[in-house]
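Undergrad: Provided below are the primary sequence and the corresponding predicted coordinates.
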Amino acid sequence: MAELTKLLNPVIPNELVGQHATIDGGVYDDAYLSQINSLYSLNDILGERKKGIAKGSWNDLNHFTMGSPLNNTEGEQILNAILYFSAKAGLWQPKIIDVPKLTDTLIKTSKQYLGAVEVASRVPGLVVQGSLYGLRVAKTGGFVNLNSLEDKVIVMPNQSFVEYCVSIRN
């Protein structure tokens, strides 16, 4: 029998992250995200807040992220970005970081960037370190999956984050 989530959906295996990954017309897909999108309707979860989120409304974004179990501003900003890109696309989407185009860091490859996430700590005043730390918090908090495609870092919503959004949608 398949393992079930708190909301009684089948657990999506993390091994699917990055399998059959593509970016087509700015829309990312892989085996994991495909299952997220088939199980959880973005429109149903975000409801009337979707339009505001797509416009960057802090009130609508923060409804889903402020006070999250991450209990961390940097981590919640990562979740805001995922919600923003998802609302704009109309389906669950990741935050995509095009590492070679970053101008505020010496990091040049996705492998270096993912390695930096693992050792990131909070250093006030450093934007990149704050972003790296936020990714680390969101990952260790179980709300994002990280992988890479070409030299892009893919920050995907984890099933736990999506189900958290379901639990607080109203």
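TA: Arrived safely, thanks for sending.

Undergrad: biggest helix in the protein by residues?
TA: helix 73-89 (DSSP state H).

Undergrad: worst mean pLDDT across the helices and strands of this structure, which element?
TA: Least confident helix or strand of the chain, by mean pLDDT, DSSP states H and E, is helix 127-140 with a mean of 83.

Undergrad: quick one, phi psi at Asp29?
TA: Note on Asp29: its backbone torsions stand at phi -150, psi 150 [degrees, to the nearest 10].

Undergrad: if I pick the nearest residue to it once chain neighbours are set aside, what's in contact with it?
TA: Leaving aside its sequence neighbours, Asp29 sits nearest to Thr22 (C-beta to C-beta, 6 or more residues apart in numbering; 5.5 Å). Where you see a C-beta, it was placed from the backbone N, CA and C, and this is true even at glycine. With contact taken as C-beta atoms under 8 Å, 6 or more residues apart in numbering, Thr22 is in contact with Tyr28, Asp29, Asp30.

Undergrad: can you put those in TSV and add neighbour count?
TA: Below are the contacts of Thr22 laid out as TSV (neighbours: other C-beta atoms under 10 Å):
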residue	neighbour count
Tyr28	21
Asp29	17
Asp30	22
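
Undergrad: looking at these, which is nearest Ile53?
TA: Tyr28 (17.9 Å; C-beta to C-beta).

Undergrad: the closest one contacts Gly18, correct?
TA: No: applying C-beta atoms under 8 Å as the test, Tyr28 and Gly18 come out as separate, 10.5 Å apart.

Undergrad: and for those two, which residues touch both?
TA: Both Tyr28 and Gly18 are in contact with Leu149, Ile154, where contact means C-beta under 8 Å, 6+ apart.

Undergrad: Ser41 - how many residues pack around it?
TA: By the criterion of other C-beta atoms under 10 Å, Ser41 has 12 neighbours.
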